[in-house]
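> structure here, sequence nowhere to be found:
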């Protein structure tokens, strides 16, 4: 499968713990995006990278959230001191310049904070 | 600010009936509009985008700038069209983020 992949697919953690998610975009896609989706809502934008540069962050991305894309390939999203309100599906997407603004999504990581 | 509204959370039709999923948007510039679909247990995938002016799986959508709408239509619904449909907007220029509506769950009954 050459699509966007995410790991893990599911994560259960206790409140206050830190979690880290990984996203591997489609090869040679230079843009990578993170979204969060809660029940009954559409995906909400969190942040995006062009190559290794983080170009935009949403107000939704509190200080407890940090994302990196150190070599312009895979990306990680870390949530520190998780709260129950962080429970959601975290989606990653990627796109490439010649493809315009079409984004290709991964299967998501479902986080449950107890 | 970018906003997308899908007024129907649920839409149920019978096989062979026409279907229209509504999408209205708010954006001050020239947006790009998309329809994404999520079938059961599958990832979100692009259905169509307005700049391509194409028909995918029998679906079409026309951007109406006067009414700020991008409704998705299909003349004869099929059972395999049952899925969650999301309308999404990307702003002009170097604005790459997508703003999604809340989605419409389409059920096509036999």
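Sure, I can see it. Predicted model, so just to flag it, every value in this text is computed and none were measured.
> residues near residue B:104, how many?
21 (other Cβ atoms under 10 Å in any protein chain shown). (Glycine included, C-beta is placed from N, CA and C.)
> wait, isn't it in contact with residue B:84?
Yes. In terms of Cβ atoms under 8 Å, residue B:104 counts as a neighbour of residue B:84; the distance is 7.3 Å.
> chain A versus the residue lying closest to residue B:1 once chain neighbours are set aside, what's the distance?
By the measure of Cβ to Cβ, 6 or more residues apart in numbering or on different chains, the closest residue to residue B:1 outside its immediate chain neighbours is residue B:26, 7.1 Å from it. Remark: distance between residue B:26 and chain A (Cβ to the nearest Cβ, to the nearest Å) = 15 Å.
> OK, contacts around residue B:26?
Listed by Cβ atoms under 8 Å, 6 or more residues apart in numbering or on different chains, the contact set of residue B:26 reads B:1-5, B:68.
> let's go with 10 Å and repeat that
Taking Cβ atoms under 10 Å, 6 or more residues apart in numbering or on different chains as the criterion, residue B:26 is in contact with B:1-5, B:68, B:89, B:99.
> write a ChimeraX command that selects only the buried members of those.
Restricted to buried positions by 16 or more other Cβ atoms under 10 Å in any protein chain shown, the ChimeraX selection for those reads:
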select /B:2,4,68,89,99
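> burial of the closest residue in space to residue B:58 that isn't next to it in sequence, as a residue count?
When the adjacent residues along the chain are set aside, residue B:58 lies closest to residue B:74, with 5.0 Å between them (Cβ to Cβ, 6+ apart). Other residues near residue B:74 come to 22 when the count uses other Cβ under 10 Å.
> ok, now residue A:89?
Using other Cβ under 10 Å, the number of residues around residue A:89 comes to 17.
> quick check: closest non-adjacent residue to the residue of chain B found nearest chain A.
Scanning chain B for proximity to chain A using Cβ to the nearest Cβ identifies residue B:100 as nearest, at 3.1 Å. In space, not counting the residues next to it along the chain, residue B:100 is nearest to residue A:42; the distance is 3.1 Å by Cβ to Cβ, 6+ apart.
> that neighbour touches residue B:103, doesn't it?
Yes. Checked against Cβ atoms under 10 Å, the pair residue A:42 and residue B:103 is within contact range at 5.3 Å.
> what do the two both touch?
With Cβ under 10 Å, 6+ apart as the test, residue A:42 and residue B:103 both reach B:6, B:36, B:84, B:86-87.
> ok, and of the residues you listed, which contact chain A?
When contact is defined as Cβ under 10 Å from any Cβ of the partner chain, the shared contacts of residue A:42 and residue B:103 meet chain A at B:6, B:36, B:84, B:86-87.
> where's residue B:35, which helix or strand?
With elements delineated by DSSP states H and E, residue B:35 resides in strand B:32-38, which encompasses its position.
> which SSE is immediately downstream of that strand?
Beyond strand B:32-38 on the C-terminal side, the first helix or strand identified by DSSP H and E is strand B:45-49.
> buried set for that following strand?
Of the residues in strand B:45-49, those scored as buried under the neighbour-count criterion (16+ other Cβ under 10 Å) are B:46-49.
> let me have those residues in TSV, adding distance to chain A as columns.
Formatted as TSV, the buried residues of strand B:45-49 follow (distance: Cβ to the nearest Cβ, whole Å):
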residue	distance to chain A
B:46	6
B:47	11
B:48	10
B:49	6
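> I'm done for today, thanks for sticking with me.
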